[in-house]
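no sequence on this one, just coordinates:
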Ligand code: RP5
């Protein structure tokens, strides 16, 4: 079994600008992870192989990002019971509304936890993966609590500009 806990997959290297925000959070929490391009329509056999191996490899969550007709998260979820966290990537023509709808509208029976379009969604998917792992890891839970507390303090210190 590999030591990787969270897999981050995406449909294209063009998704990296968005998906790197998930990887950044995983790095911040020192979560063992991997990041790969696994395209649903350009490399479907690789996608199924990745999903089929995920549980035996010890993955605890898969963060899957895609844009357009974003079938990657749903198709991975169809082949594994490892939780799949879907990130809609902003598409060129429909700004990611197409990605969001195609990820969030899973028919009953095969869930994909779907996050916001773009970088906020990518970061939140990783934070959600951290929260999942933290249920079995008190040190990680404390780290996540501290991260939240720091964010709260930053918000409390926010100053507003003068009226113009
Ligand atoms: C999807 O098609 C990818 O997830 C990407 O968001 C979109 C466009 O891919 P490229 O044409 O930029 O490679 O499969």
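Yes, it's here. Fair warning: this is a prediction, and the values are worked out from it, not measured in the lab.

Pull up the per-residue confidence for residue 105.
You'll see residue 105 listed with a pLDDT of 97.

number of nearby residues for it?
Residue 105 is flanked by 10 other residues according to other CB atoms under 10 Å. Heads up, the C-betas are built off the backbone N, CA and C, glycines and all.

can you give me the strands in the chain?
Taking DSSP state E, the strands of the chain run over residues 6-10, 33-37, 61-67, 84-89, 113-114.

surely residue 15 meets residue 89?
Yes - counting by CB atoms under 8 Å, residue 15 does reach residue 89; the two are 4.8 Å apart.

what sits in contact with each of the two?
Common neighbours of residue 15 and residue 89, using CB atoms under 8 Å, 6 or more residues apart in numbering, are 65, 66, 67.

ok, residue 36 - contacts?
With CB under 8 Å, 6+ apart, residue 36 has these contacts: 7, 8, 9, 10, 50.

so it bridges to which residues?
residue 9 (DSSP bridges).

Which one of the shared contacts of residue 15 and residue 89 is nearest to residue 93?
Set against residue 93, the nearest of the shared contacts of residue 15 and residue 89 by CB to CB is residue 67 (10.0 Å).

Is the closest one in contact with residue 91, as I believe?
Yes - using CB under 8 Å, residue 67 makes contact with residue 91 at a distance of 4.3 Å.

Looking at those two, which is more packed in?
For residue 67 and residue 91, the more surrounded residue by other CB under 10 Å is residue 67, and the numbers stand at 29 against 19.

who are the neighbours in contact with the residue nearest the centre of the chain?
In the chain, the residue lying closest to the centroid (CA atoms, centre = their mean) is residue 63, at 3.3 Å. Counting by CB under 8 Å, 6+ apart, residue 63 makes contact with 6, 7, 8, 9, 19, 22, 85, 87, 122, 125, 126, 129.

Alright, that wraps it up for me.
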